[in-house]
Each structure stands twice: as structure tokens, then as C-alpha cells.
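Colleague: Please work out how this folds:
(one chain, ligands or ions: 1)
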Amino acid sequence: MADGHPMYLWWNGERRRWEDATVHVTDLGWSTVGAVFEGIRAYWNDEDGELYVFRLQEHMERLARSMKLVRLPLEYSVDALIGEIIGLLQANETREDTYIRPLAYAGNTSGKRFAQLGNEAELLINTHPMPSHLLTGLTQTAKISSWRRISDTVMPPRIKNLSNYRNGQLAGQEARLDGYDTAFLINDQGKVAEAPGACVMLVRDGKLITPDATSSILESITRDALMTLAREVLEIEVVERQVDRTELYLADEVFTCGTAAEITPIVSVDKYDIGAGEPGPITRGLEQAFHDALRGKEERFSHWRTPVGISVAVPA
Ligand code: PMP
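Modeller: Presented below is the predicted three-dimensional model:
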């Protein structure tokens, strides 16, 4: 770390010093309208002296799908990009919980406004520290947003399309101005979709329930992991289906989940207490199982972790 940022980032095929990664000001603005991105976490394990990237392969495969959908050409293989990310974390000597953000955008857009076809894609990968809040007791309150979740008839909710994010941002701003921590967005079918930047899960009668993949949700990697952990570690039933707004009010437990959100227990929705108004046993059980899987304390899910080999790359 130098001046509060890592020494290096990766940009268009090369690892570069942070200071040297600059663009001309006219390249900004319009170009990012067409951008897609990823958000990935790496977790430090002190005992192992190792940094583990969580589900790196799946994140890079989703980046490839996002790029395909918005017709940005990807000139690198997923394996090559995984290698570059590992190399970047090693070069930065990253020994703390970290967020990794690949961003693909159309290059050479100066003066072209929205023309995206046939453009070269530029690809930036940078990292910054992001401590985990798992098992810290963080909870949030939520409201149902007056904003609807974007629909697949308008924008592709299932990919990490940067332009999608105005939708969740408006909902999040509204929620905070109204005195809540976060929001739930209803989709154009009138069913629960997700929260800004996170998926939603609820517990009722001991079952884990989550809006299905056609409910205008991002194809979330955390959601997928938690469904597996619920089935295999907690041994409870998991149901993917449409979810009504009032099911949230009557749920025994509600939480949001995602790479940044990890698991965030929701203690009230529209001022209806969820269960006893505190995180319930299934949420807490999943938090522990998730923590163990991503920090490298549970061998069963070692295939979800890419060790960076940081202990090998000891600084001189
Ligand atoms: N929905 C949206 C809109 C998101 O931005 C995120 C975070 N990437 C999620 C859901 C959760 O997805 P993931 O578990 O893959 O991070």
C-alpha cells in the first residue's frame, strides 16, 4: 500500500503502477454508459498466512457473460484473467480483506456518444481494502421502495451492467432519506426482486425462500453459495420462487446477500418487526457457515477458494 492505495492495478493487458493509469478526460462519461463490471472479494486467513479469493472462476465467467450480452469483445481467456488477478494481488502484497473490481468498457469513445458496436473493449482491474462485516452483529432496517426494479424487457437485470445501478441507487437514497438503511425493490410483476446491490432471502417455517432467477435479479454468486450451504450444512429446504411483498412482513427471518453485503440481517421491513426483531437462528447459522467457507476454515468448500500464494511472495 502506498498513500492509501495499492501499488499496482491491471489495465489493458499490463500491470501498471497506480499513478500511471490515467485517461484523457474526454474518454470519460459516455464510455461508462456501456460498461459492465464484477465485484469480487478476497479474504485473509491469518492462521494460513493466505489470501483466498472467493469463487473467482464464477465471477470471471459472469464478467464474460456480461460482456457478451452488451456486445463488448473479450480478448482474454477467463483463465488468463484469473492469472492476472492473482499476479496483481501478489504484486500488491495484499494481506487483508480486499475487494477486486474488474471493469470492462468501450474504448476510444471520444465524440461517439452511445455508439458501442465494433468498439474495442478496455479492461481495468483494481483492488481496495474491504473488511468483512460477517459475525460483527451488523443489522439493517428496510423499506419497500417506490422505485420498481428494472425489468428484462428494458435492461438486463441478470448481468452486472453498470447502467443498471442507477435503479438501486435511487432506491437506496430514498430509503436512507426516509430513515431506513436499505430498500427492497418490487419487479414489474409486482413480486419482490432484490435490494440495491444485493439479493434477498427469507425464512418461513424453517425453509429458505428466495426470488427465482426470472424475478429481475442479478445472477448472484453469493445467493448460489448460500443455497448450497443451506442445503448441505444446515440441511434445510431451499425454495426458489416468486415472492410477495407481504411474505417479507410475515417472515421469521430476512437477510440480504451479495459480495459486498455478504449476509446482512434485516430486522424490520416497513416497520414490521421481522421475527423477534433480531437475526434468527438460520441467518446466524448461514453466517457462520459462509464465514468458514470463504475464510478457508471449512475444507468441504475449498473448491470455492483460490489461494493467492501470498505467503510465498514474501517481500524482500
Ligand atoms: N444484485 C445486485 C444488483 C448486485 O449488484 C449484487 C452484487 N454483485 C448482487 C445482487 C449480489 O450478487 P453477488 O452475490 O454475485 O455479489
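
Colleague: now the residue sitting nearest the centre point of the chain, nearest residue through space, not along the chain?
Modeller: Computing the C-alpha centroid of the chain and ranking residues by CA atoms, centre = their mean puts residue 259 first, at 3.5 Å. Nearest residue to residue 259, sequence neighbours excluded (CB to CB, 6 or more residues apart in numbering): residue 39, at 4.7 Å. In this view, the C-beta of every residue, glycine as well, is placed from N, C-alpha and C.

Colleague: Residue 125 is in contact with that neighbour, correct?
Modeller: No: look at residue 39 against residue 125 with CB atoms under 8 Å: they stay out of range, at 11.6 Å.

Colleague: From residue 51, how far out is the closest residue to the ligand within the stretch 51-200 of the chain?
Modeller: With CB to the nearest ligand atom as the measure, residue 197 is the residue of the stretch 51-200 of the chain nearest to the ligand, at 4.0 Å. Between residue 197 and residue 51 the computed distance is 23 Å (CB to CB, to the nearest Å).

Colleague: Let me see the contact set for residue 5.
Modeller: 18, 128 (CB atoms under 8 Å, 6 or more residues apart in numbering).

Colleague: what are the bridge partners for it, then?
Modeller: residue 2 (DSSP bridges).

Colleague: Please say which of residue 39 and residue 125 ends up with more neighbours.
Modeller: Counted by other CB atoms under 10 Å, residue 39 and residue 125 do not tie: residue 125 has more neighbours, with 22 against 16.

Colleague: from what I can see the more buried one touches residue 11, true?
Modeller: Yes: using CB under 8 Å, residue 125 is in contact with residue 11, at 7.5 Å.

Colleague: Now for the two: what residues contact both?
Modeller: Common contact partners of residue 125 and residue 11 (CB under 8 Å, 6+ apart): none.

Colleague: what does the stretch 201-316 of the chain put close to the ligand?
Modeller: Residues of the stretch 201-316 of the chain lying close to the ligand (CB under 6 Å from any ligand atom) are 218, 220, 221, 222, 223, 258, 259.

Colleague: Would you write a PyMOL line that selects the buried entries of those residues?
Modeller: Buried subset of these, written as a PyMOL selection, criterion 16 or more other CB atoms under 10 Å:
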select buried, resi 218+220+221+222+223+258+259
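
Colleague: export the residues of the stretch 201-316 of the chain next to the ligand to TSV and tack on pLDDT?
Modeller: As requested, these are exported to TSV (pLDDT from 0 to 100):
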residue	pLDDT
218	98
220	98
221	98
222	98
223	98
258	98
259	98
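
Colleague: For the stretch 201-316 of the chain, which segments are assigned as helices?
Modeller: 221-232, 245-250, 281-295 (DSSP state H, counting those that start in this stretch).
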